[in-house]
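Chemist: Coordinates for the following, if possible.
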Amino acid sequence: MNGTRGSAERHSLRGAIDRPALLAIRDVFNDEEPLAAATLDDFLNPTALEVRFEDGLCDADSCRLDIQWTVQGDYKIHYTDTLNVNLRWGKHPHGGDYIHVTGLEHYHPPPDAPSDPNDVEGSCIQQSPDLLVARAVLKLWRTAYHADTLKPLNLGRNPP
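Modeler: This next block holds a predicted model:
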């Protein structure tokens, strides 16, 4: 086994995709954010929830969140926009590679969501229930949207 594959396995989500959790998260975005439309990639056997926003952060014309959630409570929430800005919130094992992260919750900052151990930060989202995480991400997005800056995306208090 080469080092790259071993590293990827240490950074994997544990467990099968949790369809009920994705449906609940979908409802949070559809019910609470007028700029968002959330849909499962496959209604019966989803691998991800896609949340499309009619506007993006800062100068982006639009953006998208791709959300994966497992039955083990692991998740990846990836933001990308029309300006090619990327960031991610995650909760899953990382093999201790992220030296600034004490638990499983972590944040890959913009503009390119790096995975370099020196760049990944602890996440301000420390709650675990799917609905609280969804609302936290939505609040962080909305705060950054109104502030017209990416800086608030990992500055919320727990829960944001």
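Chemist: Please spell out which residues along whichever strand or helix holds Ala38 are buried.
Modeler: Using DSSP states H and E, Ala38 sits in strand 36-40. Using 16 or more other C-beta atoms under 10 Å as the burial criterion, the residues of strand 36-40 that qualify are 36, 38, 40. Glycine gets a C-beta too; all of them are placed from N, C-alpha and C.
Chemist: helices or strands up against that strand?
Modeler: Using 3 or more C-beta pairs under 8 Å, 6 or more residues apart in numbering; DSSP states H and E, the elements in contact with strand 36-40 are helix 19-32, strand 49-53.
Chemist: hmm, who's touching that strand?
Modeler: For strand 36-40, the external contacting residues (C-beta atoms under 8 Å, 6 or more residues apart in numbering) are 19, 22-23, 25-26, 29-30, 46, 48-54.
Chemist: Return the list of strands paired to it, each annotated with direction.
Modeler: strand 49-53 (antiparallel) (DSSP bridges).
Chemist: Which residues does the partner strand contact?
Modeler: Under C-beta under 8 Å, 6+ apart, the answer for strand 49-53 is 22, 25-26, 29, 33, 35-41, 62-69, 141.
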